[in-house]
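Novice: Just a sequence and a predicted model for now, questions to come.
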Amino acid sequence: MHKHKTLSHCGVQTLMSILREEFWILKSRRTMRKAIKTSTVCRRFEAKHSEVQAAPLPEGRLRDSATFEISGIDLAGPLYLRDGSKAWVVLYTCAVYRAVHLELVTSLTTDKFLLSLRRFIARRGRPSIIYTDNGSNFKGSNQALNKVDWNKINDDTSVSRIQWKFIPPSSPWWGGFWERLIGLLKTTLRKVLGKASLRYEELSTILCDCENIINSRPITYIPEDLELEPLTPPMFLRDIQKSGIPDLDQIDSTRDVVSVESTAKRINWPLAKVVQLIEGKDGVVRLVKIRTNQGDLLRSIQRLYPLEVSSPNDGDLRKLIEGPTICEKSEYNISSDPSSIVPDSGEELSPTSVPQRFSRYGRTLRVPRRLDL
């Protein structure tokens with residue numbers, strides 16, 4: 001121990017190398033390691049923090065709730081404005097759907113924070129539980145809310161008290177679900193602003209853009225399958241927009257080109273154009289009138305194989321064209337009598353004439369012939 005203290009509490013390797021210049025100690029490595037562990041100075045500087053198993057997520061982050069019903073709040077900054085003043089960003093995040101709402105304040109006082117909280121509640125709704133750190137402005141806001149007589153408010157209105165929860169002091173990892181978003185915000189602002197100093201209105205606009213970018217991030221795994229769309233926070237903030245490729249296994253419009261099943265080989269199956277969709281008593285299309293080179297035929301929906309992708313904007317384009325449509329849905333119902341269905345014998349029905357179509361400017365439109373049908 002004397003040599004260890006003389007060498008300024010060096011490690012095992014250094015102590016063993018110097019002692020071997022004078023002595024040969026049996027099992028020297030284990031002996032020196034044991035002696036160093038008894039040193040109070042070494043134990044003080046080499047001690048490691050205690051570890052504990054991470055707790056599961058609280059119920060508030062897992063149960064079904066409205067957006068921003070359970071929120072976490074934190075501040076980031078300061079940001080320097082063009083007039084030399086400072087501004088801070090108040091970040092509100094939903095603990096369930098991971099959405100973000102940003103507000104800009106010019107001070108860290110409790111009054112300024114309460115004003116930003118009022119703006120947040122007016123736009124996103126009133127939260128029931130709020131998680132924050134132990135900042136003085138958060139503590140002051142909680143004390144201000146505690147002074148309110150909530151019993152009287154509950155008797156007169158349906159407004160319930162906001163439950164404010166604080167994380168332990170000096171433990172920022174307890175608020176990891178908002179600290180991670182603070183990091184994303186800082187990374188985005190560094191790349192957008194650089195060294196620029198903006199006015200208050202300009203910085204507020206930049207924060208709105210950053211909010212939109214952060215909310216557009218996927219919160220689920222992005223699969224290789226194109227039909228699966230990853231979840232993002234805006235899906236829970238507004239209505240989901242329909243997107244993707246239309247299904248090919250459903251015939252939902254006329255004038256579609258289909259392949260008609262027959263007794264011949266698949267390569268020799270005739271092509272046809274859908275002329276009329278015939279609905280049953282329950283409103284479901286099970287029979288279709290098609291046009292082939294041999295004339296018009298009736299075929300079951302199971303005998304047809306779609307060859308075209310129908311555009312979702314077809315209906316909008318047809319509304320722009322005045323005049324009668326080529327074909328309309330049948331006004332009669334299909335009975336279950338098999339005699340009313342034309343057999344698959346290829347017999348010709350009465351040909352139908354195609355009416356003229358006119359544009360909204362009164363010009364006559366020439367209907368193109370598809371696949372010489």
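Specialist: Looks like it came in fine.

Novice: only C-alpha atoms for contact and neighbour calcs from this point on.
Specialist: Noted.

Novice: count of neighbours near the nearest residue to residue 28 once chain neighbours are set aside?
Specialist: Spatial nearest neighbour of residue 28, excluding adjacent residues (Cα to Cα, 6 or more residues apart in numbering): residue 16 at 7.0 Å. Using other Cα atoms under 10 Å, residue 16 has 20 other residues around it.

Novice: separation between residue 122 and residue 101?
Specialist: 12 Å (Cα to Cα, to the nearest Å).

Novice: And for residue 210?
Specialist: For residue 210 relative to residue 101 (Cα to Cα), the value is 10 Å.

Novice: Secondary structure element holding the residue nearest to residue 28?
Specialist: Secondary structure from DSSP states H and E places residue 16 in helix 12-19.

Novice: care to break this structure down by domain?
Specialist: Taking the TED database as the reference, the chain has its domains at 1-46, 59-222+232-236, 246-306.

Novice: Ends of the second one, what's the gap?
Specialist: Put plainly, it is domain 59-222+232-236. Domain 59-222+232-236 stretches 19 Å from its first residue to its last (Cα to Cα).

Novice: Which secondary structure state is assigned to the residue nearest to the spatial centre of the chain?
Specialist: Closest residue to the average C-alpha location of the chain: residue 232 at 0.4 Å, with Cα atoms, centre = their mean. When classified by DSSP: H, G, I helix; E, B strand; the rest coil, residue 232 comes out as coil.

Novice: check contacts around the residue lying closest to it once chain neighbours are set aside.
Specialist: Spatial nearest neighbour of residue 232, excluding adjacent residues (Cα to Cα, 6+ apart): residue 218 at 4.7 Å. If a contact means Cα atoms under 8 Å, 6 or more residues apart in numbering, then residue 218 has 230, 231, 232, 233 as its contacts.

Novice: swap in residue 161?
Specialist: 128, 150.

Novice: Also residue 131?
Specialist: 70, 71, 72, 73, 164, 165, 166, 167, 175.

Novice: let's see 6 Å
Specialist: Residues in contact with residue 131 (Cα atoms under 6 Å, 6 or more residues apart in numbering) are 72, 165, 166.

Novice: Neighbour count: residue 122 and residue 101, which is higher?
Specialist: Each of residue 122 and residue 101 has its neighbours counted (other Cα under 10 Å); residue 101 has more, 21 against 10.
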